[in-house]
Structure formats: C-alpha cells, structure tokens
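Chemist: pasted the sequence and its predicted model underneath.
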Amino acid sequence: MTPRSPVRAAPSRATGFTLAELAIVLTIIALLLGGMLIPLSAQRDIQQMNEAQRQLLEIKEALHGFAVINGRLPCPTTTSDPAAAKYGIEDASCVNVDGYLPWKSLGLPETDPWGARRSAAADPFTGYWRYRVDSAFASAFTLTTEPTSALTVKDASGNAMTQTTPNSPVAILYSTGPDLTANGLNADSDTTTYEAGERSSSIDDLVVWIGRPVLFSRMITAGKLP
C-alpha cells in the first residue's frame, strides 16, 4: 500500500486590520458620531426653549398672584451687589424703566435656562429675566387706572401685537434667549416698544406681557376689585 502524503494546511491569512482598513473604520465612526451630535444639540435647544416658555407662564402667574395679595405689581430689582440685602428684592419705588425681575420677592428661579448666577457686583446679568412695569400699576390701582407708559409689543414686521391705551400692556417680561443678548427692539432699554414673535436668525428673545383686562379679571375673581 502506498503511504499517503501528509495533507498540508492552506496558509492562513494574517488576522487583524491593516492600516488602510483601520483608517476606514475610524472615518466611519467619526461620521456616525458627528451625525449623532447634531440631533442631540437640537434636542437640548428644544428642551431649553420649552423650559423657558414654562417658566414664563409660571412667572406670569406669580405676578398675578402678587397683584392679588398686594393690590399692585412689583417694581423691578436694580440692586447689582449679590451681597446686598435688597439683591433680588423689588425696588421700593420705580419709574417706567427696564430692569430685572425681582425673583426673591416672587419666590422664583433667579435666571432663565441659559443663565448663570452672579457672585459679584461686577458680573453681568447673564440670562436674568428682564422686566418692566407701568408705574401706574406698581402702586395700588383701581378699575379706572390706565397705563401711563404706552408699552407696545410688535412683531418682526413692525405689526402691533398689543392694543394701545387704555388696554396697552401694564408689564413686559422676557428672556434674552440662547444668545443671552436682547435683540431687535428689545436691545434699546429706553424704548417703550418691544419685539416678540417667532425665532429667527436675528432674534431669539422670548417676550410675554401682562394685559390690563386680564389683570383686572384676576383681581375681580379674587375679590380684590372693584
């Protein structure tokens, strides 16, 4: 019998990735990660905007509640030193100026979702709620009280979103949004005209206001007027 020749195993291919294959894999992973970051960033932006809108509604309710309790709306706070006793507390009196929401007087969060808490008098008011109240409603008012500052809210096209006196807004409240800067008409703190509406490349502020009829309605329902 003829002996069989031993079967030789076929040479095996070396295991592992070549440098070219590894570079391709890393490129694919980088592309996948880059594609995931954009939706996550957009999702976070939506969550923060929704939270800011929720907080604005909460602040409006708190302002209505303050009016029911005190018969007036609070003044803004203008104290800049975080160590001062009046920091975050409404000013004793106010004129028709743009200031900051007195969060301590209302028992509310200090900043909007993009804000940073201040620790020194020189720190900027980054992300703090901006607030303005008609001086006629910062003291005790009656059903015959009318606004004196002619506050107006317009959209980006210049169309009025509010009525004129006697039913013009009695208070303006807004967040400066993700860019932390007052945009459009809101950039001028001396004006009585504010800008609200859809977000765009030039403005991302979130603006709401308290109207005279709604305020009176809340006061009447609570038995504080007439």
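Modeler: Everything's here; your move.

Chemist: residue 60 reaches residue 173, doesn't it?
Modeler: Yes - Residue 60 is in contact with residue 173 according to C-beta atoms under 8 Å; the separation is 7.0 Å. Just so you know, the C-beta spots here come from the backbone N, C-alpha and C atoms, and that holds for glycine as well.

Chemist: mind listing the shared neighbours of the two?
Modeler: Common contact partners of residue 60 and residue 173 (C-beta atoms under 8 Å, 6 or more residues apart in numbering): 208, 210.

Chemist: who has more neighbours out of the two?
Modeler: A side-by-side neighbour count of residue 60 and residue 173, using other C-beta atoms under 10 Å, places residue 173 first with 21 against 16.

Chemist: isn't there a strand covering the more buried one?
Modeler: Yes - assessed with DSSP: H, G, I helix; E, B strand; the rest coil, residue 173 lies in a strand.

Chemist: ok, now which ones touch it?
Modeler: Contacts of residue 173 (C-beta under 8 Å, 6+ apart): 56, 59-60, 63, 101, 129-132, 207-210.

Chemist: return the set of residues that bridge with it.
Modeler: Note on residue 173: beta-bridge partners residue 131, residue 208, judged by DSSP bridges.

Chemist: and it, what's its pLDDT?
Modeler: Looking at residue 173, its pLDDT reads 97.

Chemist: quick one: the helices in the chain?
Modeler: 19-70, 103-106, 212-221 (DSSP state H).

Chemist: closest to residue 81 out of the ones you listed?
Modeler: When the helices of the chain are compared by C-beta to C-beta, helix 103-106 sits nearest residue 81, at 13.8 Å.

Chemist: for the contacts of residue 173, which one is nearest residue 181?
Modeler: Nearest to residue 181 among the contacts of residue 173, with distances taken as C-beta to C-beta, is residue 130, at 11.2 Å.

Chemist: which residue packs closest to that closest one, ignoring adjacent ones?
Modeler: Spatial nearest neighbour of residue 130, excluding adjacent residues (C-beta to C-beta, 6 or more residues apart in numbering): residue 174 at 5.1 Å.

Chemist: which helix or strand in this protein has the lowest average pLDDT?
Modeler: Within the chain, no helix or strand scores below helix 19-70, which has a mean of 84 by mean pLDDT, DSSP states H and E.

Chemist: got the angle for it vs helix 212-221?
Modeler: Between helix 19-70 and helix 212-221, the angle comes out at 60 degrees (axes from the mean of the first three to the mean of the last three C-alpha atoms, to 10 degrees).

Chemist: helix 19-70 - contacts with which helices or strands?
Modeler: With contacts defined as 3 or more C-beta pairs under 8 Å, 6 or more residues apart in numbering; DSSP states H and E, helix 19-70 has these neighbours: helix 103-106, strand 169-175, strand 206-211, helix 212-221.

Chemist: make CSV from the ones you listed and add distance to residue 20 to it.
Modeler: Formatted as CSV, the helices and strands packed on helix 19-70 follow (distance: least, C-beta to C-beta, whole Å):
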stretch, distance to residue 20
helix 103-106, 60
strand 169-175, 52
strand 206-211, 51
helix 212-221, 69
